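Novice: 3D model of this:
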Amino acid sequence: MNAPSPPHPPARRRRGPARKPEGRKPRVPTVLWVLLLAVAGVAVYTGTAQATPSSGFVGATTAKATYGRIFSHVQTQDPQFWNEVMNMVGTTDLYVQQNTWDPGTCGGCIPSTGWHTHPGPSFVIVTQGSVTVYDGNDPACTPHVYTAGTPNNAFIDPGDGHVHIIRDESGAVAKTVAVQFVPAGATRRQDEPAPGNCPF
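Specialist: Predicted coordinates:
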């Protein structure tokens, strides 16, 4: 008859954190990778879909200045009654922009600024050719044409979220000069997605 085996000593409890096997890294589940790639793809698509870049259009800043508070009130009686009031609270950046639309630079396309807005007003004068302005909040997509050398050679864009696009539908080069007032440090031009009210 064999003698009974001596009892095994109780297993020792390890103290401290358990060791991971060397050379093995935690694996990200395949489903998580698929979700991450899908989210990244949607982000890229959304950024591309919302962008309405310009084509055949170049804008250049010819002058810029920053002003403190601006207050002006001028009233005249001669030769006729005229009243001007300007009150800008806070610091203002003033831009002078030279804008050019040239179908020759985009293979004969219709040159366009793309849909955009500005944080402040723009006073625009057409100095060469004709431009056509469309407002993003106009369901009829009404064209507003402004032509150099005519009584209808200028317009005001109010800014403050007013989305618009300026196109040169004449087939020739067009140019404007714009004076813009925006809050100091603000982005002068903000691209916007096409509002969907126009066929282009």
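Novice: name the helix or strand of the protein that has the lowest mean pLDDT.
Specialist: Lowest on mean pLDDT, DSSP states H and E among the helices and strands of the chain sits helix 30-50, with a mean of 39.
Novice: low-confidence ranges, the protein, go.
Specialist: 1-51 (pLDDT under 70).
Novice: where do the strands sit along it?
Specialist: Counting by DSSP state E, the chain has strands at residues 57-67, 70-76, 82-88, 92-101, 116-117, 122-128, 130-135, 144-147, 154-157, 164-167, 174-183, 190-191.
Novice: hey, which of these is tucked in deepest?
Specialist: Between those, strand 164-167 has the highest mean count of neighbours, a mean of 24, where neighbours are mean count of other Cβ atoms under 10 Å. No exception for glycine: its C-beta is placed from N, CA and C like everyone else's.
Novice: hang on, the earlier thing: can I get the strands of the chain in a markdown table with distance to residue 200?
Specialist: Shown next, in a markdown table, are the strands of the chain (distance: least, Cβ to Cβ, whole Å):
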| stretch | distance to residue 200 |
| --- | --- |
| strand 57-67 | 14 |
| strand 70-76 | 38 |
| strand 82-88 | 35 |
| strand 92-101 | 15 |
| strand 116-117 | 15 |
| strand 122-128 | 20 |
| strand 130-135 | 9 |
| strand 144-147 | 15 |
| strand 154-157 | 19 |
| strand 164-167 | 8 |
| strand 174-183 | 17 |
| strand 190-191 | 16 |
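Novice: out of those, flag the one nearest residue 198.
Specialist: When the strands of the chain are compared by Cβ to Cβ, strand 130-135 sits nearest residue 198, at 5.6 Å.
Novice: pull the residues that contact that closest one.
Specialist: The contact list for strand 130-135, computed with Cβ atoms under 8 Å, 6 or more residues apart in numbering, reads 101, 141-148, 155, 157, 162-170, 174, 176, 198.
Novice: ok, stretch 72-84 next?
Specialist: 85-87.
Novice: what does stretch 146-153 give?
Specialist: Residues contacting stretch 146-153 (Cβ under 8 Å, 6+ apart): 124-133, 145, 154-155, 174-175.
Novice: can you give me the buried ones in that stretch?
Specialist: Of all the residues in stretch 146-153, those buried under the rule 16 or more other Cβ atoms under 10 Å are 146-148.
Novice: now the contacts of stretch 72-84 in CSV, with distance to residue 117?
Specialist: Putting these into CSV (distance: Cβ to Cβ, whole Å) gives the following:
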residue, distance to residue 117
85, 25
86, 22
87, 22
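Novice: now, which of the residues you listed sits nearest residue 118?
Specialist: Checking the contacts of stretch 72-84 one by one against residue 118 (Cβ to Cβ), the nearest turns out to be residue 86, at 17.5 Å.
Novice: now for the closest one: which residues touch it?
Specialist: 70-73.
Novice: next one: residue 125
Specialist: 153-154, 176-178.
Novice: again with residue 102
Specialist: 56-58, 111, 168, 173.
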